[in-house]
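need a structure here:
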Amino acid sequence: MADINIEPSELGLELALEQFRLPDDVAAGLGDLYGTTPPDTAAAWVEMLRDRKHESDGEPPSVADLCTTDDGAHAFVGEDRSQSYICVLDPLVVPFLTDMPGTVRSTTPERGTTVEITLGPAGVEYSHPDAVVSLGVADEVDCASCTSIEETYEHTCPYIHVFEDEAEYETWAAETDAATTSVPVETGVALAGGLAENLFGLAS
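Now for the predicted structure:
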């Protein structure tokens, strides 16, 4: 079987993490969560994640660290793999880490709409072009003494979702005890590609 090579740059999904700026409230929440200076960019956030993982077990992040679950709102469905996750960035990372084409199928938090994002070497298809992806961190957290990366995930994964459109996100955000922001779905997929390259190093 030929190499598939699903790479962000080949799909027009290049995103410079050092130029992806986090809103002040989200950055402050992440700083509280990790007990560090608030990360002003996604690149600084990646460094925090990598450092916490190394402190936890001395190992770099890998596919095994993705937040799998039996009944998550987000799933990756491929030819030989089907798995659900708590955080939508995790299934979005899978095609880049494994070179496995597939569809990320998400149920939105407010309307219960199914949003699909299909990734393959030929491109990306969106069932809802106006969809947005949220990023967030729980209010008033202090996890500087957490002993595992999983404990820190508990304060962020529940706030990373796909929404049918910005209006649905705004309704959800107004009722959520967290600092959140939203980005266009294309940016969310590009962010996943950036995480694959910079956090996981495209390790399979």
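
pull the contacting residues for the residue at minimal distance from the centre of the chain.
In the chain, the residue lying closest to the centroid (C-alpha atoms, centre = their mean) is L89, at 2.3 Å. Neighbour list for L89: V133, I160, G188, L191, A192, L195 [criterion: C-beta atoms under 8 Å, 6 or more residues apart in numbering]. From N, CA and C alone the C-beta is placed, and that goes for glycine too.

and which of the residues you listed is nearest to Q19?
Set against Q19, the nearest of the contacts of L89 by C-beta to C-beta is L191 (11.8 Å).

what distance do you get for the closest one to P158?
18 Å (C-beta to C-beta, to the nearest Å).

residue contacts, S182?
So S182 contacts V132, V133, S134, L135, F163, E166, Y169, A173 (C-beta under 8 Å, 6+ apart).

next: A42.
So A42 contacts L15, L17, E18, F20, L22, L191, G194 (C-beta under 8 Å, 6+ apart).

do that again at 7 Å, thanks
L17, F20, L22, L191, G194 (C-beta atoms under 7 Å, 6 or more residues apart in numbering).

in this protein, which spans are helices?
Along the chain, the segments classed as helices by DSSP state H run 24-34, 42-57, 89-98, 149-153, 166-174, 185-198.

the bottom helix or strand of the chain by mean pLDDT?
helix 149-153 (a mean of 72; mean pLDDT, DSSP states H and E).
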